[in-house]
Structures are given as structure tokens and as C-alpha cells.
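Undergrad: need coordinates for the following:
(chains A and B)
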Amino acid sequence: MANQLHEPVIEQSYYLNMGPQHPSTHGVLRLFLKLDGEYILQADPIIGYGHRGHEKMAESHFYEQFLPNTSRMDYLSGLLYNHGYVAAVEKMARIEVPPRAEYIRVVCAELNRVCSHLLWFGTYLLDLGGITPFLYAFDDREHIMDALDRITGSRLTYNYCRFGGVARDVDAEFVRATRAFIERLRSRFDDYHTLVTKNVIFINRTRGVGVIDRDAALRFGCTGPVLRAAGVPYDIRRAEPYSIYPLLDFDIPTGTTGDVMDRYLVRMREMEQSLRIIEQALDGLPEGPFKGRAPHKVRPPKGDYYFAVESARGALGYYIVSDGTPYPYRIKVRVPSFGNLQVLTEALPGTLVADTVAILGSVDIVVPEVDR
Amino acid sequence: MSLDTFREELQHQIPELVAVRLLDHAVSGRHMEIQAGREQIEVIARTARKVGLFLEAITALDFTGGPQVIYFFNSYEAPSRVLVRVQMKPGESLATISSVYNAALWYEREVFDLFGVRFDDHPDLRRLLLPEDADYYPLRKDFGKVHAFRSTKEIYGEPAA
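TA: Alright, predicted model coming up:
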């Protein structure tokens, strides 16, 4: 046995399993890393631990019955998933939506986007070792949860949109609480920037790390903040405007290099834009019915339709094929995290193990959405 | 406008490709639809990459006549969603486009995983969402509880060309 100590070492690389129960993967994701010392040679994300077969479930349920499934794919931006699904079916079945409902949907969807970004902000800093921002972010987030809880009845897995409108009307108290929250969050951004954005430890851990440029984003089909951080102003709300977004005035924040810091800044600035959108939508909130007429059982005409919305993580698409019955023939959900996660196979190799968490977190994946 | 460039380039590359239709985005959610043959998909993907489109998704539909694989391409600059349909017979395989788009590595694995469509020369065609030892393809219409198993005609009507 002693001879082995004197034999030359040939194999230097080894494998490390990160997950499937690692706290920084935010869900059940397993990263299979091939390492050379502290450096990553190869990264293979292994998914499917949370596969529930939503697309199969759709084939044996009515269009209405599939509605609760949508918010359980990406449970952090459930209302955006709700919105995309009902809008797709409404377009197919030509169901009219009253203007008030469209405004309410946009207010709720943008609140949900801010909520999702705040959760990302808090947990991401927690991954990097900063515990305080997490408490601040969850404090703010609680105000959105309370407001949304008031009108939707749930905190996370919303089932609020209906074909032809929304389930319940908003009241004066919701509008007041939302406006108060906007005021509050605007003043908190200064705290966040002082606490985090200008923090030298944070800057050193994120600047120039995990660069995903335009070319890599294009090859992997990335969308959302990951793509916009690389300097591409691609946002479904502008590219294929839906609902009342053409009437609203908002900017699309972009980064320059596509590193972790840019992705962070893009999300922070997106929250400010979402607040602007909510304010405009509340100002313009028309009177009238919050729910239009929709058939008891929706039967879209034969054919197929693709509808895309901008979720908190990127372009979310519903491809629905109808055979004219109340059961969908197939519903394909194009989830943004799928492409955004796959790009890690290229972004991780060459970096340090310690940066894995910083890069993985910055992409902001929700694993149940990838697994569906 | 990259769609016109794409169309011209396609006609240059595959002159026999006739089933290219421009669609109204407001009605169908896409701008262009292509009915392609099994052997044409690789050239179409290369052309799409050349004009700067990205691969949005790959999915499939199960019909009585065999699976239909569907590719979505789109552009970051001007919205131009292109849907490419490839109708196949049961048991047929398809060329991979993962050498053109890295995104296809997982999308093709997903289609294989859920529909059992094989992609030739795919470097890593394993199960993606299901366990490694699964011996079923869940999104096929002969698996589990489904409402109907239809032919392409019943959904799209008679083919135009």
C-alpha cells in the first residue's frame, strides 16, 4: 500500500453533487459538477425531480379546470401564468374582456412581478451570505401579499383570472394599500442601494462573474432579465404587446456586459418600472364590469394558437391545440427558466465552485417551472 | 425585416420547399408557418441561425398518423415567430439541430422523453424529466387518461397544398 503514495497522480478531476437538496438551488435541482481543484470543468444540471405532468393533466380536463394548474408551475409569479393562460384561451374562443378587468389583471400581474423580484433579491443576498437584505425584502413583500390576499384569496398559488375577466372586483382599500406600498417601496430602494448595490463585497462577488453575452443567450434561447442584462431590449410587453401594455409608458432596463451585477441591476430597475406601470393602471382604472360574458364550458374552434406574455423570468408561451371540444387536445407551456437554466452548462465551466451559487442564483430559476 | 430575409434565404437553400405561409399574428399568434419534411429541418435551422433567429421551443403533438414535431423560432429584434411542422410516421427519427442551437439539446431530450421521438446524432439523448428507467412516453395519446386521439385532418382540416 505504501507504494501508492509514490505513484504519479493521473486523474485530477473529480465530481461533486450539488443538490438535489441544496438550499441555494431554490427547489429540487441537482448540479453535477466536474471539478479540477476549485475550478469547474463541466456542469450538468439534472432536472425532473418535480415533474408533475401538468401538460398531460390538461388533456383530460376542461379548459376551466386547468386554470389552477397554471399558477402551480411558477409559484412565484402565479398571476402572470394565470394571465397568459386566460388571455390565450380568450383569443382562441373570441371572448370579450371588459377594460376594467384588463386593468385589474395588469395591476395584479405587475404587483406579482415586484413580489417575485423582491423574493429573488432577498434570497439571492442570503445565498451570498448577506442576511439583513432578506429581512427587508420579505417585510416589503408581505405588503404585496396582504393586498393580493385581499382580492384573490391566496398568497402564492393564485387562481384569480377567469375567462372574460377576473374572479372578484378590486375595492378602494386595495387601491389605497397598493398606492401606499408604491410610496413605501420607492423610499426603500435607497436603502437597498446603500445596503447592497454599493457594498464592496457584493460588487467584488458579482462584477465580471458569470458572463452570459448576447450570442450565448441566442444559442440557448434565453429571455427575460438574463437576456436584457446582455443588452438586448427584448420584452414581450413591447415586442408583442398584449392587454393594456400598449397604452402604458414604461422603459425596458438593459445591462451592458451580461454579468451577475447586470442581472441584479436589471431586476432592481424593472421593479421601479413595474411600480410606474401599476401607478398608471390605477390612475386609468375605468368603471364598469370586472367580468364579461363567457360560456360555461369554453369550446375554442379547431386549430392552434400561441400566446406569449412576459413573466418575471422571461417569455412565457402557451401553445394550445383545440379539437373543438371542451377538452384541450394539447397545451404546451414554453417556460422561460428552461432556456435560462440550460445556459449554465456554458456559463459555469471555468469559474470557481464558490461562484456557482452566485451565478445560479443570478439566473433566477424556479425549478417546478422547469419540471412542470 | 428579418422574416423576408429568412424567406428569401430559405427559398435559396431549399427551392422545393413550398409550404411556407405568412399568417396574421393577431389570429394565430405567429407570423409564419412552414410545413417541412424530415430531411429539411437541419437546413431550416441553419438558415434561421444565419438570419439571427433564436429557438423558442420544440414540442410535439401525437396524432393517429404519427407524431408531429413543432419548432418555434423567434427574433429578438422584430417579433417574427416562425412555426415549423414536421409530420412523421410512427417510429421514424429526426435529425438533431443541437449542433446549430445549443437550446435544442434539452428541447429534443424533452420531446424524446415525453413522446419517444428519436433524434439522430444527438450527443446525449437521455431521459430529461422522467426517471432514467422509465419505459413509457407519457404525452403519447395511448398513455394514461386522455379525452381524444385524433388525426391531423380533424384539427387542421384538409391540407392546403
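
Undergrad: any idea of the mean pLDDT in the longest helix seen in chain A?
TA: Of all the elements of type helix in chain A, the one with the most residues (DSSP state H) is helix A:99-128. Mean pLDDT, helix A:99-128: 90.

Undergrad: so who does the nearest residue to A:I212 once chain neighbours are set aside touch?
TA: Spatial nearest neighbour of A:I212, chain neighbours left out: A:G258 (4.8 Å); criterion: CB to CB, 6 or more residues apart in numbering or on different chains. (C-beta placed from N, C-alpha, C; glycine too.) Each residue near A:G258 by CB atoms under 8 Å, 6 or more residues apart in numbering or on different chains is listed here: A:211-214, A:217, A:226, A:229-231.

Undergrad: which members of those residues are positioned in helices?
TA: The members of those that map onto helices under DSSP H are A:214, A:217, A:226.

Undergrad: so the residue nearest to A:I212 is in which element?
TA: A:G258 is part of no helix or strand, with elements assigned from DSSP states H and E.

Undergrad: what separates it from A:D74, distance-wise?
TA: 23 Å (CB to CB, to the nearest Å).

Undergrad: same check on B:E108?
TA: Computed with CB to CB, the distance linking B:E108 and A:D74 is 23 Å.

Undergrad: identify the residue nearest the spatially most central residue of chain B in space, chain neighbours excluded?
TA: Chain B has B:I70 as the residue nearest its centroid, 2.4 Å off, counting by CA atoms, centre = their mean. With sequence-adjacent residues excluded and distances taken as CB to CB, 6+ apart, B:I70 is closest to B:T59, at 5.2 Å.

Undergrad: quick one, what contacts that neighbour?
TA: The neighbourhood of B:T59, defined by CB under 8 Å, 6+ apart, consists of A:319, A:332, A:334, B:69-70, B:72, B:107, B:110-111.

Undergrad: whichever of those end up buried, select them in ChimeraX.
TA: Applied in ChimeraX, the following selects the buried portion of those according to 16 or more other CB atoms under 10 Å in any protein chain shown:
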select /A:319,332,334 /B:69,70,72,107,110,111
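
Undergrad: which one of the contacts of B:T59 is nearest A:H22?
TA: Proximity of the contacts of B:T59 to A:H22 was ranked by CB to CB; the top entry is B:E110 with 23.6 Å.

Undergrad: ok so that closest one is a helix residue?
TA: Yes - residue assignment for B:E110, taken from DSSP: H, G, I helix; E, B strand; the rest coil, places it within a helix.

Undergrad: can you list the strands that the one helix or strand the residue nearest to the centre of chain B maps to pairs with?
TA: Using DSSP H and E, B:I70 falls within strand B:66-75. When pairing is defined by DSSP bridges, strand B:66-75 lines up against strand B:53-63 (antiparallel), strand B:82-87 (antiparallel).

Undergrad: how distant is it from the center of its chain?
TA: Shown here is strand B:66-75, whose average C-alpha point lies 2 Å from the average C-alpha point of the whole chain (CA atoms, centre = their mean, to the nearest Å).

Undergrad: how about that strand: buried residues?
TA: Neighbour counts over strand B:66-75 (16+ other CB under 10 Å) mark B:67-75 as buried.

Undergrad: next: stretch A:209-217.
TA: Of the residues in stretch A:209-217, those scored as buried under the neighbour-count criterion (16+ other CB under 10 Å) are A:209-212, A:216-217.

Undergrad: quick one: average pLDDT of it?
TA: So the average pLDDT for stretch A:209-217 ends up being 88.

Undergrad: end to end on it, go ahead and measure it.
TA: For stretch A:209-217, the first-to-last residue distance is 16 Å (CA to CA, to the nearest Å).

Undergrad: now do it: everything it contacts.
TA: When contacts are taken as CB under 8 Å, 6+ apart, the neighbours of stretch A:209-217 outside the stretch itself are A:222, A:226-227, A:229-232, A:257-261, A:343, A:346-348, A:351, A:355, A:358-359, A:362, B:54.

Undergrad: ok, the residue lying closest to B:E56 once chain neighbours are set aside - contacts?
TA: The shortest distance from B:E56 to any residue that is not its chain neighbour, by CB to CB, 6+ apart, is 3.9 Å, and that residue is B:F72. Residues counted as contacts of B:F72 (CB under 8 Å, 6+ apart) are A:306, A:317, A:319, A:334, B:30, B:55-59, B:81-84.

Undergrad: if we use 10 Å, what do you get?
TA: For B:F72, the residues meeting the contact criterion (CB atoms under 10 Å, 6 or more residues apart in numbering or on different chains) are A:221, A:306, A:308, A:317, A:319, A:332, A:334, B:30, B:53-59, B:81-84, B:107.

Undergrad: alright, I will stop here.
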